[in-house]
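Chemist: Make a model of this:
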Amino acid sequence: MVRLRLFILLWLMLTACSAGRASTQRPGAALKYNQRLSSEELFARGVALAKHGQLIRAEQYLHLAAESGYPEERTLPILLSICLSSSRLRTALRYAEPYLIRHPESWRLRFLVATIYLALEQTLRAVEQLTRVAYDNPSHAPTYYLLAVINRDAFENSILVGRYFATYLDLAPDGEHASEARAWLREQRADLGRTNRGKLR
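Modeler: Alright, predicted model coming up:
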């Protein structure tokens, strides 16, 4: 599963913003004097705090902004970036999953949720989410790559690996993982040829 973990880490790094180090201030301490702020003001303060690396306070303001009616489409990506940049994967899921229930068409978020499940070693849940992504957006090549790697490294299901790698190559013949997919498929054909020759002897 080494390659799979590397891919997950890369995805999380690309998704997370470089918000800096987390603040050590106690949760709630920053907000008790700001109860009259509008949702727009709460959001603006949360963004500013995140840019200055005060992640705990930023999360508080952004969460309050969403609760006060600020669009989740604006607050959620920043909240997820804060959580991922500080390796709080389960907290990220607590923000992402309710939104995904309300907006099941958000396949990009679903793909991110799948990678988080993989990082938490919840492979079956990851496969469930990836299968849904493949249904909602059948042209998303990275989904098939991940499904191929999971079936190769976790389930050792060569039939599904071959199917998913072939689909990945159809969608992204020059993709980042194309050489890996072709190499695996070539090796499988070679193994099948050796097996067939052995049966004829």
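Chemist: before we move on, could you check phi and psi at the residue positioned nearest the centre of the chain?
Modeler: For the chain, the residue nearest the mean C-alpha position is L112 (2.1 Å; CA atoms, centre = their mean). Backbone torsions of L112, given as degrees, to the nearest 10, read phi -60, psi -40.
Chemist: Please look at it and C83 and confirm they touch.
Modeler: No. Taking contacts as CB atoms under 8 Å, L112 lies outside contact range of C83: 11.0 Å. Where you see a C-beta, it was placed from the backbone N, CA and C, and this is true even at glycine.
Chemist: and the helix or strand encompassing Y164, what does it pack onto?
Modeler: Using DSSP states H and E, the element containing Y164 is helix 158-171. The elements that helix 158-171 packs onto, with contact taken as 3 or more CB pairs under 8 Å, 6 or more residues apart in numbering; DSSP states H and E, are helix 141-153, helix 178-200.
Chemist: Pull out the buried residues from the shortest one.
Modeler: In terms of neighbour count (16 or more other CB atoms under 10 Å), helix 141-153 has its buried residues at A141, P142, T143, Y144, Y145, L146, L147, A148, V149, I150, N151, R152.
Chemist: Low-confidence regions, the chain specifically.
Modeler: Along the chain, segments meeting pLDDT under 70 span 1-35, 193-201.
Chemist: quick one: the helices in it?
Modeler: 2-15, 39-51, 55-67, 72-85, 89-102, 107-119, 123-136, 141-153, 158-171, 178-200 (DSSP state H).
Chemist: so who does the closest residue to L120 other than its chain neighbours touch?
Modeler: Leaving aside its sequence neighbours, L120 sits nearest to L89 (CB to CB, 6 or more residues apart in numbering; 5.8 Å). Applying CB atoms under 8 Å, 6 or more residues apart in numbering to L89 gives the contacts C83, I116, A119, L120.
Chemist: buried stuff in stretch 117-129?
Modeler: Applying a neighbour-count criterion of 16+ other CB under 10 Å, one finds Y117, L118, A119, T123, R125, A126, V127, Q129 buried in stretch 117-129.
Chemist: farthest pair in those?
Modeler: A119 and V127 (14.1 Å; CB to CB).
Chemist: give me the number of residues near D174?
Modeler: Residues near D174, counting by other CB atoms under 10 Å, number 7.
Chemist: Next: the one 3 residues further on.
Modeler: By other CB under 10 Å, 21 other residues sit near H177.
Chemist: OK, contacts around it?
Modeler: Y145, Y168.
Chemist: if you set the cut-off to 10 Å instead, what comes out?
Modeler: Counting by CB atoms under 10 Å, 6 or more residues apart in numbering, H177 touches 3, 7, 141-142, 144-146, 148-149, 165, 168-169, 184.
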